[in-house]
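**Q** One predicted model, sequence on top.
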Amino acid sequence: MTALTLTDVNKSFGKVHVLKDINIEIEEGEFVVFVGPSGCGKSTLLRVIAGLEDASSGEIRIGEDVVNLTPPSKRGIAMVFQSYALYPHLNVRKNMSLALKQEKQPKEVIEQRVAEASRMLSLEDYLDRFPSELSGGQRQRVAIGRAIVRHPKIFLFDEPLSNLDAALRMSTRIEIASLHAQLGTSMIYVTHDQTEAMTLADKIVVLRDGIVEQVGSPMELYNNPANKFVAGFLGSPAMNFFPASLVRDGDTRTMGIRPEDLFQSDQGAFAASVTHVEKLGGDTNVIATIGDHNITARLFGQHDVAEGQILQLGFDPAKAFYFTEDGARDR
């Protein structure tokens, strides 16, 4: 069953056209990530789905219902923001239960749902604490719990991990993935972090300048990007781009090779001058130049490479990508 359908959705703020003919289908139980650079429209799209912004045109359908004119509280969605937006004068239990009380849910239902969400998020020992007594990760879990208790049709996450440090981002990301597996509810997650997109999503929607560039599973987009933008956006370190004429005389296209697909070889196609080395333990990232072009090679394991060294780098031609002048994929 389809949980959400967007058909020709547009959004303008005055003369600024922010979302342009958005067409997306999200199935029941899917975890979908909207990803793209800052200003691409992903948070605006989430707010249009939530009803916090009105679509300028197009149709928004949740399940079988067109909800363009339905207020946010009646759409059956729950939203988790980048800021925790907790009430400082209410303890965890009351923050989580407030929306249910406003809906006039029976006391026993409220208690059951708060207990259920607290168990899922390991918050049982914090129910009587106030937000000021919690860590950033705990506050974010409370915000997620406040959404869970509403039993929504769709969860919306707007960059929920942005305020957490690196270690907490990873652990909370795992918690969200586990939560999705337990609940089986459709989730839409907005981020500019392609690592979050790749690790969480069943389906990724890549946006640029208010346009959907490509939709697909993480590996579909990684292995078969529709254009140069998608190819360069997904992957860390990012894909290398340089003129195909460096390896094919007269070829006017741009060539793309992922860093992990470059390797040291005495018969390598490139003589690369090393400018910086990142020794990460399991991997070694070598930043180098080929003529006037910067490239990154991800060498697996530990390598004794130094700045100023000349490396011969080879690649598997079958793993190369080619793009036309306007960025379209050309094999």
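**A** Received the coordinates, thanks.
**Q** got the buried residues for the host helix or strand of residue 296?
**A** Using DSSP states H and E, residue 296 falls within strand 293-300. In terms of neighbour count (16 or more other CB atoms under 10 Å), strand 293-300 has its buried residues at 295-299. Backbone N, C-alpha and C define where each C-beta goes, glycine included.
**Q** residues in contact with that strand?
**A** By CB atoms under 8 Å, 6 or more residues apart in numbering, the surrounding residues in contact with strand 293-300 are 237-238, 240, 242-243, 246, 257-260, 262-264, 270, 272, 275, 282-289, 305, 311, 313.
**Q** chain center to the lowest-mean-pLDDT helix or strand in the chain: distance?
**A** Lowest on mean pLDDT, DSSP states H and E among the helices and strands of the chain sits helix 166-183, with a mean of 88. Relative to its parent chain, helix 166-183 has a centroid offset of 13 Å by CA atoms, centre = their mean, to the nearest Å.
**Q** Render the CA-only coordinates of the next helix or strand after it in PDB, please.
**A** From helix 166-183 onward toward the C-terminus, using DSSP H and E, the following helix or strand is strand 186-191. Provided in PDB are the C-alpha atoms of strand 186-191 (Å, rounded to 0.1, in the frame of the first residue of the first chain):
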ATOM      1  CA  SER A 186       6.900   4.800   7.100                       C
ATOM      2  CA  MET A 187       9.600   7.200   7.900                       C
ATOM      3  CA  ILE A 188      10.800  10.200   5.900                       C
ATOM      4  CA  TYR A 189      14.200  11.600   7.000                       C
ATOM      5  CA  VAL A 190      15.900  14.800   5.900                       C
ATOM      6  CA  THR A 191      19.600  15.200   6.000                       C
END
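**Q** how much distance is there from whichever helix or strand comes after strand 186-191 to the middle of the chain?
**A** Per DSSP H and E, the first helix or strand lying C-terminal to strand 186-191 is helix 194-200. Its chain's C-alpha centre and that of helix 194-200 lie 5 Å apart, by CA atoms, centre = their mean.
**Q** before we move on, what about stretch 92-104?
**A** Counting by CA atoms, centre = their mean, stretch 92-104 comes out at 29 Å from the chain centroid.
**Q** Run through who's touching that stretch.
**A** Contacts of stretch 92-104 (CB under 8 Å, 6+ apart): 86-87, 90, 109-110, 113-114, 117-118, 123, 126-131, 134, 142, 145-146, 149-150.
**Q** Show me the contact partners of stretch 60-75.
**A** Here stretch 60-75 makes contact (CB under 8 Å, 6+ apart) with 1-7, 9, 48-52, 54-55, 59, 76-77, 153-154.
**Q** Residue 310 contacts residue 273, doesn't it?
**A** Yes - between residue 310 and residue 273 there is a contact at 5.8 Å, judged by CB atoms under 8 Å.
**Q** higher neighbour count, the two?
**A** Taking neighbours as other CB atoms under 10 Å, residue 310 and residue 273 compare with residue 273 leading, 13 against 9.
**Q** Walk me through which strands the helix or strand following the strand holding residue 296 pairs with, and which way each runs.
**A** Counting by DSSP H and E, the next helix or strand C-terminal to strand 293-300 is strand 310-315. According to DSSP bridges, strand 310-315 has the following sheet partners: strand 262-264 (antiparallel), strand 270-279 (antiparallel).
**Q** Could you check the angle the next helix or strand after the last one makes with strand 293-300?
**A** Counting by DSSP H and E, the next helix or strand C-terminal to strand 270-279 is strand 283-290. With axes from the mean of the first three to the mean of the last three CA atoms, to 10 degrees as the basis, strand 283-290 and strand 293-300 are set at 160 degrees to each other.
**Q** Pull out the buried residues from strand 283-290.
**A** Residues 283-288, 290 are the ones in strand 283-290 that count as buried (16+ other CB under 10 Å).
**Q** ok, now how distant is residue 10 from residue 262?
**A** With distances taken as CB to CB, to the nearest Å, residue 10 is found 42 Å from residue 262.
**Q** One more: residue 117?
**A** Where residue 262 is concerned, residue 117 sits at a distance of 47 Å (CB to CB).
**Q** residues touching the residue nearest to residue 169 when sequence neighbours are not counted, list them.
**A** Closest residue in space to residue 169, ignoring its immediate chain neighbours: residue 161 at 4.6 Å, by CB to CB, 6 or more residues apart in numbering. Going by CB under 8 Å, 6+ apart, residue 161 touches 140, 168-169, 172-173, 191, 193, 196.
**Q** likewise residue 312?
**A** 264-268, 270-272.
**Q** Out of those residues, the closest to residue 229 would be?
**A** Of all those, residue 229 sits closest to residue 270, with 24.1 Å by CB to CB.
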